[in-house]
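Asks: Quick one, what's the 3D model for this:
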Amino acid sequence: MNPSFAQALIAARDAAASQHYPQAALYVVATPIGNLADITLRALHVLQLVDIIACEDTRHTQALLRAYGIDKPAGSLVALHQHNEAQAAQQVLARLQQGQRVAYVSDAGTPGVSDPGARLVDSITAAGMRCIPLPGASSVTTALSAAGAIGTGNHSTGFLFAGFLPSRGAERRTAVQALAGEPRSVLILEAPHRIRDLAQALGVLGTRRVTLARELTKQFEEITSHVAQDLDAWLEAAPQRSKGEFVVVLHPTELAPQQSQALDVLRLLLQELPTKTAVRLAAQITGAARNTLYDAALQEKSTGS
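Replies: A predicted model of the protein is given here:
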């Protein structure tokens, strides 16, 4: 074990042990997406504390635990992945009903975000048991933080998480065409062997800005932005550019001046009026489409703007 991680375990105990960790609870634990140093102190403490760890790949998780110097007894790791999630969730539920603490980790990042875990959490909460999230690394928020594609305050657009697009050509093209009309930032995940296909499909978006983030947090991390029509040529220029797992961020579309003005009027009205009234008045004042303004109003409400 790295001596630094030995010190981290002590720091984790000192920082996190005073908190209450109830029994009969599922702890949803985020783990690093590539850099072992990105584990949180609370995650280290909980992984030591729990009775069992349900995990996407027991071999991967065992290696992760060993790297941090965490020793779990034989049989304390249980496989729970996309192919057995429903069945394994019942095993986890049975453990919780016995009063045990259970952690769930995916291979990397935050469980339930394009990784197994959502069905597990749904099953546990439906049974009236408690799920406790331990935040940490996520490729989604990591890419967003470096893409500069969201903005703040009245300039915030929010984002759409699209995950993995269909792998078949025709279905992928249809999905891209649907995203072409999405004005918000869009996050797409892609594997290295399909990134060129995705780049070619995104070419129809023309001059829309796109950020490619690959090998996030790892030694060969690369984050670069281009217009959509240039993505394939950039990838083709150097073989190593197609290596590693990708997060692709479509930047928000530029608003026409009239549309931008309509949204500003809508935001002011929403501060004083019910949603339907604000939308109706904004449409009358600016001439913008009521359906468009209503969708924008719902987004404003959901983001707490």
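Asks: Just want the most central residue of this structure.
Replies: residue 140 (3.9 Å; Cα atoms, centre = their mean).
Asks: now the strands: where do they sit in this structure?
Replies: Counting by DSSP state E, the chain has strands at residues 25-29, 52-55, 77-79, 102-105, 130-134, 159-164, 185-190, 209-214, 222-227, 246-250.
Asks: helices and strands around the shortest one, which ones?
Replies: Applying 3 or more Cβ pairs under 8 Å, 6 or more residues apart in numbering; DSSP states H and E, one finds that strand 77-79 contacts strand 52-55, helix 58-68, helix 85-97. C-beta coordinates here come from the backbone N, C-alpha and C atoms, glycine included.
Asks: Spell out the residue ranges of the helices in this structure.
Replies: Along the chain, counting by DSSP state H, helices occupy 3-16, 41-49, 58-68, 85-97, 118-126, 139-147, 169-180, 195-202, 231-236, 257-270, 275-286, 290-303.
Asks: most neighbours per residue, which of the helices and strands packed on strand 77-79?
Replies: Burial of the helices and strands packed on strand 77-79 is given as mean neighbour count (mean count of other Cβ atoms under 10 Å); strand 52-55 ranks first at a mean of 25.
Asks: on contacts alone, who are the packing partners of that strand?
Replies: Packed next to strand 52-55, using 3+ Cβ pairs under 8 Å, 6+ apart, are helix 58-68, strand 77-79, helix 85-97, strand 102-105.
Asks: Go again with 10 Å.
Replies: Judged by 3 or more Cβ pairs under 10 Å, 6 or more residues apart in numbering; DSSP states H and E, strand 52-55 is in contact with strand 25-29, helix 58-68, strand 77-79, helix 85-97, strand 102-105.
Asks: mind checking pLDDT for the residue nearest to residue 42 when sequence neighbours are not counted?
Replies: Sequence neighbours aside, residue 16 is the residue nearest to residue 42 in space, at 4.6 Å (criterion: Cβ to Cβ, 6 or more residues apart in numbering). pLDDT, residue 16: 94.
Asks: Repeat that for the one 3 residues further on.
Replies: If you check residue 19, the pLDDT there is 93.
Asks: ok, residue 144 - contacts?
Replies: Neighbour list for residue 144: 138, 150, 159, 161, 185, 187, 211, 213, 247, 249 [criterion: Cβ atoms under 10 Å, 6 or more residues apart in numbering].
Asks: what about 7 Å?
Replies: Residues counted as contacts of residue 144 (Cβ atoms under 7 Å, 6 or more residues apart in numbering) are 150, 159, 187, 249.
Asks: how about stretch 222-242: buried residues?
Replies: In terms of neighbour count (16 or more other Cβ atoms under 10 Å), stretch 222-242 has its buried residues at 223, 226, 227, 228, 229, 231, 232, 235, 241, 242.
Asks: mean confidence for that stretch?
Replies: 97.
Asks: Do me a favour and get the end-to-end distance for it?
Replies: The first residue of stretch 222-242 is 11 Å away from its last residue (Cα to Cα, to the nearest Å).
Asks: which other residues reach that stretch?
Replies: Residues outside stretch 222-242 that contact it (Cβ under 7 Å, 6+ apart): 146, 192, 195-196, 199-200, 202-203, 205-215.
Asks: which among those end up buried?
Replies: Buried by 16+ other Cβ under 10 Å: 146, 195-196, 199-200, 202-203, 205, 208-215, out of these.
Asks: Show me how far stretch 111-124 is from its chain's centre.
Replies: 13 Å (Cα atoms, centre = their mean, to the nearest Å).
Asks: Skipping adjacent residues, who's closest to residue 182 in space?
Replies: Nearest to residue 182 is residue 160, by Cβ to Cβ, 6+ apart, at 5.9 Å.
Asks: returning to what we had before: out of the helices of the chain, which gets nearest to residue 34?
Replies: The closest of these to residue 34 is helix 139-147. By Cβ to Cβ, the value is 8.9 Å.
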